[in-house]
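J.: next comes the sequence, and after it the predicted model I'd like to discuss.
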Amino acid sequence: MDTEILTELGFTQREIKVYLALIELGTTTVGPITAKSKLQSAKVYETLEKLKDKGLVSHIIVSKTKHFQAADPKEILNIIDERKKRFNELLLELELKQKYAQSKQIAIVHEGYKSFKALFNKIISELGEKDSYWAFAFKNEYQTTAASLFLRKFHSQLGEKKIDDRLLGHISVRKDIKKSFKGNKNIKIRFTKNETPLGVIIIKNKVINLVWSERPTAIEITSEQIYEQYKNFFLELWENAKK
């Protein structure tokens, strides 16, 4: 019998052996349990008490001798339900702590192509239809095949999820950007004569600075304050930019 699930539920090997012995023996004294479980009698007594605390063993007195019996195995489901209930009571507090931790300002560096790609996969998975992805475009990077293909594929994925995808670039790279995203009907592109940050993404409460080189690097900053500053700056330029 595979009892691995009982171990995963927190039962010790002794508890499993004693409980299974009782299931097979029915109501009995310590002697047969000891023989069946192949444990020392002192350990059997100790384990029986632990199982009684869990509600899986009870006893009766017959001729001044304790006879033990196992609870219905379905009682284990009740134990699981009780743990689930207790965890749900803790869950709200854990989520509040997590939310508080996420509200702190954090900077993470993603260096190397694999790490860079993993970050963009994470962005795709976390963004939904009601979310936005706004970015200040690169300049010369669109002239490189690797960067152009990578970004084209990524923005196509944004389109599949119908995310509000906006790209603001400098007028000097209008031709390259238009060429890179030709055929993508989801992305909205505008151009400005103003100098802008290069390769900066603005999503939710994050700002991500990108550096495309032989070893692509992304600096992911989680900060509500910085996010708001970049978002407002982006919108200000966007309103006055041209298609």
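T.: Good, I have the coordinates.
J.: tell me the mean pLDDT for stretch 2-21?
T.: Average pLDDT, stretch 2-21: 89.
J.: ok, and for it, which residues are buried?
T.: 6, 11, 14-21 (16 or more other C-beta atoms under 10 Å). C-beta: built from backbone N, CA, C; applies to glycine.
J.: Leu119 belongs to a strand?
T.: No - read with DSSP: H, G, I helix; E, B strand; the rest coil, Leu119 is helix and lies in no strand.
J.: surely it meets Gly112?
T.: No - in this structure Leu119 lies outside contact range of Gly112 using C-beta atoms under 8 Å: 10.6 Å.
J.: pick out whichever of the two has more residues nearby.
T.: Leu119 (18 against 11; other C-beta atoms under 10 Å).
J.: residue ranges of the helices in the protein, please?
T.: 4-8, 13-25, 30-37, 41-53, 75-102, 113-126, 145-160, 174-180, 224-240 (DSSP state H).
J.: deepest-packed of those, please.
T.: helix 13-25 (a mean of 19; mean count of other C-beta atoms under 10 Å).
J.: contacts for it, please.
T.: Identification of contacts with helix 13-25 by C-beta atoms under 8 Å, 6 or more residues apart in numbering yields 1, 3, 6-7, 11, 28, 32-33, 36-39, 43-44, 46-48, 50-51, 54, 56-57, 68-70, 73.
J.: okay, now the domains of the chain?
T.: Annotated domains of the chain cover 4-71, 105-240 [automatic domain parsing].
J.: can I get those in TSV including distance to Arg86?
T.: Shown next, in TSV, are the domains of the chain (distance: least, C-beta to C-beta, whole Å):
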stretch	distance to Arg86
domain 4-71	13
domain 105-240	30
